[in-house]
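Visitor: no sequence for this one, just the structure:
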């Protein structure tokens, strides 16, 4: 199987939280684990910029420029990352043929402490990747030139409001777009027996999360609601290398999920804590 060698994003990540074993109710049931990536905000920088560049074998380069600053109430962080390489996807043969890759991504974070009890944060990212699908020697000689183009964009907004000591309300609407477009390519002589495929799938997700966290006495409780919908649009088609026999099929599907959850951590003693929670999820029937 082929897999992409994504460039490092360590300059964007502030720290990573890993939850495994018994998961909290606001994350639901997961088989392996939950990873919470906390990105940089700008509060860790004081009118600072950073440039990271590298160059290695197979013309591999992975470069990033980032900048950030803050005041007592406002902070921003932004970065631009680009890469290219002659070995993008895992090859199916010892030879490296038709395997270049390149990508560009941007990231931005803005935090504004409007009042001592209100914090607003906007986080956004745009990313595009271009891959040549590697060939073996026979495919290369035949003129096969397949490509894979991918997009991943998201926009998250959060409002944190302190209702009182130990009580915080969080409302976070979000939007996420993801696309993977496989485009068959052929540079050989027109051949009615050679099939060129195309697979284009794009998904839009929009929704939000509202949660209330209360820390009081021996209790650490959380309750909330999560609602989101998804629109999936997929096209699959084929055409012969001489331009004949073109066929395609498109399917567009809507779906939605609604979830409510509640959990509490009760510290019975300094060394013994009881954890309990419930999560109820409704999966809407997909519509075409």
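Guide: Nice, thanks for sending it over. This structure is a prediction, so every number in the text was calculated from the model and none was measured.
Visitor: CA atoms for contacts and neighbours, from now on please.
Guide: OK.
Visitor: Could you pull out the helices in the stretch 51-200 of the chain for me?
Guide: Assigned by DSSP state H, counting those that start in this stretch, the helices in the stretch 51-200 of the chain fall at 137-142.
Visitor: Could you give the bridge partners of residue 265?
Guide: Beta-bridge partners recorded for residue 265 (DSSP bridges): residue 220, residue 275.
Visitor: wait, doesn't it sit right on residue 219?
Guide: Yes - using C-alpha atoms under 8 Å, residue 265 is in contact with residue 219, at 5.7 Å.
Visitor: Pretty sure residue 18 is one of the things residue 34 touches, is it not?
Guide: Yes - Residue 34 lies in contact with residue 18 (C-alpha under 8 Å); the separation is 5.8 Å.
Visitor: Just want to know which of these two has more residues nearby.
Guide: Shown here are residue 34 and residue 18; by other C-alpha atoms under 10 Å, residue 34 has more neighbours (17 against 9).
Visitor: residues contacting the more buried one?
Guide: By C-alpha atoms under 8 Å, 6 or more residues apart in numbering, residue 34 lies in contact with 18, 19, 20, 23, 27.
Visitor: From residue 209, how far out is it?
Guide: Per C-alpha to C-alpha, to the nearest Å, residue 34 is found 17 Å from residue 209.
Visitor: if you skip the residues just before and after it, what's nearest to the residue nearest the centre of the chain?
Guide: Central residue of the chain (C-alpha atoms, centre = their mean): residue 152, 6.4 Å from the mean position. Distances taken as C-alpha to C-alpha, 6 or more residues apart in numbering place residue 178 nearest to residue 152, at 4.6 Å, with adjacent residues excluded.
Visitor: Surely that neighbour and residue 151 touch.
Guide: Yes - Residue 178 lies in contact with residue 151 (C-alpha under 8 Å); the separation is 5.6 Å.
Visitor: Count the residues that sit near the nearest residue to residue 161 once chain neighbours are set aside.
Guide: Nearest non-adjacent residue to residue 161, counting by C-alpha to C-alpha, 6+ apart: residue 118, 4.7 Å away. A total of 16 residues lie near residue 118 under the criterion other C-alpha under 10 Å.
Visitor: Let me see the contact set for residue 118.
Guide: Applying C-alpha under 8 Å, 6+ apart, the residues contacting residue 118 are 159, 160, 161, 162.
Visitor: Wait, the last one touches residue 212, no?
Guide: I take that to be residue 162. No - taking contacts as C-alpha under 8 Å, residue 162 lies outside contact range of residue 212: 9.8 Å.
Visitor: Now for residue 260, which secondary structure element holds it?
Guide: strand 247-267 (DSSP states H and E).
Visitor: and that strand, what's its mean pLDDT?
Guide: Mean pLDDT, computed over strand 247-267, is 93.
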